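> Below are the sequence and a predicted model for it; my questions follow.
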Amino acid sequence: MYQVTSNQIEQLLNQIIEMYGSLLDKGSNEDKKFIMNMYEKLQRLPQGKSIPGKEALKLKSILKSVI
């Protein structure tokens, strides 16, 4: 599990928005769907809760490849 603070959630949401714009041009449909799914999950994530480690690693991997 990857625990996130409210500040980290805001930062991740902003990064996801920027990344999605880049993915529109050159990303795979699978990555786009995953990113939108993670955006929705992070918006609903209560403070102090966590996201599964696999999803966190995949999100970081996609962030690094796009940015």
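Arrived safely, thanks for sending. On a predicted model such as this, the values are computed, not experimentally measured, just so you know.

> Excluding chain neighbours, what is closest to S6?
Leaving aside its chain neighbours, S6 sits nearest to Q47 (4.9 Å; criterion: C-beta to C-beta, 6 or more residues apart in numbering). (Each C-beta comes from the backbone N, C-alpha and C, glycine too.)

> Below-threshold pLDDT in the chain: ranges please.
1-4, 67 (pLDDT under 70).

> State which helix of it is the longest.
The residue-count maximum for a helix in the chain (DSSP state H) belongs to helix 6-26.

> got the angle between the following helix or strand past that one and helix 6-26?
Downstream of helix 6-26, the next assigned helix or strand under DSSP states H and E is helix 29-44. Angle, helix 29-44 to helix 6-26, by axes from the mean of the first three to the mean of the last three C-alpha atoms, to 10 degrees: 160 degrees.

> Mind giving me the packing neighbours of helix 29-44?
helix 6-26, strand 50-51, helix 53-66 (3 or more C-beta pairs under 8 Å, 6 or more residues apart in numbering; DSSP states H and E).

> how close does the closest residue to E55 other than its chain neighbours sit to I16?
Distances taken as C-beta to C-beta, 6+ apart put M38 closest to E55, at 6.5 Å, once the chain neighbours are dropped. Distance of M38 to I16, computed by C-beta to C-beta, to the nearest Å: 6 Å.

> what sits in contact with each of those two?
Common contacts of M38 and I16 (C-beta atoms under 8 Å, 6 or more residues apart in numbering): L59.

> about what we covered before: contacting residues around the longest helix of the chain?
4, 31-32, 35-36, 38-39, 42-43, 45, 47, 59, 62-63, 66-67.

> change it to 6 Å
Applying C-beta atoms under 6 Å, 6 or more residues apart in numbering, the contact partners of helix 6-26 are D31, K32, I35, Y39, L42, Q47, L63, V66.

> Dump the helices and strands packed on helix 29-44 to JSON lines, plus mean neighbour count.
Converted to JSON lines, the helices and strands packed on helix 29-44 look like this (neighbours: other C-beta atoms under 10 Å):
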{"stretch": "helix 6-26", "mean neighbour count": "13"}
{"stretch": "strand 50-51", "mean neighbour count": "15"}
{"stretch": "helix 53-66", "mean neighbour count": "14"}
